[in-house]
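Participant: Attaching a predicted model along with its sequence, questions to come.
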Amino acid sequence: MANNIRCIDLFCGCGGMSLGFEKAGFNVVAGIDNWKPAIQVYKMNFSHPVIEQDLLDVDNAIETVLQFSPDLIIGGPPCQDFSTAGFQDESRGRAILSVRYSQIVCAVKPQYFVMENVATIRNTNSFRAVINNFRSAGYGLTKMILNAAYCGVPQTRKRMFVIGTLDEDDGFLDDELRKNLSSQPMSIHDYLGDSLGIDYYFRVPTNYNRRGVFSIYEPSMTIRAVDRPIPKGYKGHPNDPVPVSQVRCLTPKERSYIQTFPVDFQFTGGKSDVNSMIGNAVPVNLAKYVGSVLMRHIISKESSDGNESG
């Protein structure tokens with residue numbers, strides 16, 4: 001079964017998580033989202049269908065998902081209400097999407113699921129409701145915050161992953177997730193070499209008390225869903241390695257590389273939409289890292305079960 005585990009990607013966006021799980025060996029059979037620009041990009045890059053559907057409508061979503069008989073459901077419900085880059089206010093409406101995701105999973109009851117979100121979700125009432133739903137449905141859970149820079153991504157990006165398997169012990173993937181982390185964070189140069197043609201670049205800081213100039217010989221800061229030119233008001237920072245006059249911003253395509261989308265991955269649409277889908281995506285290699293650990297667990301479990309029955 002391991003080589004044909006049917007997977008559905010909820011809140012698929014432009015497909016970072018889908019592509020990562022495909023690279024890990026899973027058979028992604030469909031994506032579902034409700035954002036037209038991302039759906040268009042998903043269609044351009046995958047041969048399986050992508051379905052436009054409002055996942056707040058849990059009953060209809062369950063009917064749609066059941067048609068594909070998934071063994072695994074993956075997804076990264078929109079995180080803006082939890083994010084430190086957003087309002088960190090779960091009353092604003094999007095926090096409920098994580099709860100809806102858990103309700104869909106618990107109704108469909110695939111053998112496995114993977115949910116991704118920002119690290120700060122762990123302190124919210126929504127997250128507690130999500131975990132309670134999964135436990136009540138019979139899932140053993142691994143909950144872990146991973147920094148993408150230690151998972152094959154040239155970017156400091158901390159994300160919470162919740163991985164569930166029916167009738168499994170809690171913490172079943174903890175050791176494997178930890179022991180496969182790299183010993184050093186990945187820099188942009190480690191991943192892209194000299195292909196960008198620059199040694200330094202500018203990223204608009206959240207406030208001017210922080211530096212805005214960064215080196216490619218360190219991991220990128222978290223790729224965000226916004227793209228701003230160098231502000232005229234930015235006069236430099238003591239920790240900037242070179243003057244701001246000597247650098248440029250990264251292009252949307254370059255930021256997609258730092259999200260570990262391949263060079264041939266196609267993006268289309270308005271600049272704001274493209275920046276949003278790139279910044280909100282699960283980095284491909286981070287998804288691949290988690291998917292590969294889960295795949296090895298599944299193969300090991302099948303082998304062990306086969307030996308016992310033999």
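Facilitator: That came through fine. Numbering: from 1, shown residues only.

Participant: residue contacts, the residue nearest to residue 238 when sequence neighbours are not counted?
Facilitator: Leaving out its chain neighbours, the residue that sits closest to residue 238 by C-beta to C-beta, 6 or more residues apart in numbering is residue 211, at 7.9 Å. From N, CA and C alone the C-beta is placed, and that goes for glycine too. If a contact means C-beta atoms under 8 Å, 6 or more residues apart in numbering, then residue 211 has 205, 237, 238, 239, 240 as its contacts.

Participant: where do the helices sit along this protein?
Facilitator: 16-23, 36-45, 58-66, 96-108, 125-136, 174-179, 188-192, 252-258, 271-280, 284-309 (DSSP state H).

Participant: The fifth one: which residues count as buried?
Facilitator: When neighbours are counted by 16 or more other C-beta atoms under 10 Å, the buried residues of helix 125-136 are found to be 126, 127, 129, 130, 131, 133, 134.

Participant: Likewise for the longest one?
Facilitator: Counting neighbours by 16+ other C-beta under 10 Å, one finds that the buried residues in helix 284-309 are 284-298.

Participant: list the helices and strands it packs on?
Facilitator: The contact analysis (3 or more C-beta pairs under 8 Å, 6 or more residues apart in numbering; DSSP states H and E) places helix 284-309 against helix 16-23, strand 112-118, strand 139-147, strand 158-166, helix 174-179.

Participant: sorry, back to before: ok, which of the helices of the chain comes nearest residue 226?
Facilitator: For the helices of the chain, distance to residue 226 was read as C-beta to C-beta. The smallest value, 6.2 Å, belongs to helix 271-280.

Participant: which residues touch that closest one?
Facilitator: So helix 271-280 is contacted by 13-14, 35, 37-38, 41, 78-79, 223-227, 252, 255-256, 259, 261, 267-269 (C-beta under 8 Å, 6+ apart).

Participant: For it, C-alpha coordinates in PDB please.
Facilitator: Taking Å, rounded to 0.1, in the frame of the first residue of the first chain, the C-alpha atoms of helix 271-280 are listed here in PDB:
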ATOM      1  CA  LYS A 271       1.800  40.600  -8.300                       C
ATOM      2  CA  SER A 272      -0.100  40.900  -5.000                       C
ATOM      3  CA  ASP A 273      -1.800  37.500  -5.500                       C
ATOM      4  CA  VAL A 274       1.500  35.800  -6.500                       C
ATOM      5  CA  ASN A 275       3.300  37.300  -3.500                       C
ATOM      6  CA  SER A 276       0.500  36.100  -1.200                       C
ATOM      7  CA  MET A 277       0.500  32.500  -2.600                       C
ATOM      8  CA  ILE A 278       4.300  32.300  -2.400                       C
ATOM      9  CA  GLY A 279       4.500  33.700   1.100                       C
ATOM     10  CA  ASN A 280       1.600  31.700   2.500                       C
END
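
Participant: before we move on, back to that, nearest to residue 196, out of the contacts of residue 211: which one, please.
Facilitator: Nearest to residue 196 among the contacts of residue 211, with distances taken as C-beta to C-beta, is residue 240, at 18.2 Å.

Participant: what about the nearest residue to residue 296 once chain neighbours are set aside, how many neighbours?
Facilitator: Counting by C-beta to C-beta, 6+ apart, residue 176 is the residue found nearest to residue 296 once chain neighbours are left out, at 6.8 Å. Around residue 176 there are 15 other residues, counting by other C-beta atoms under 10 Å.
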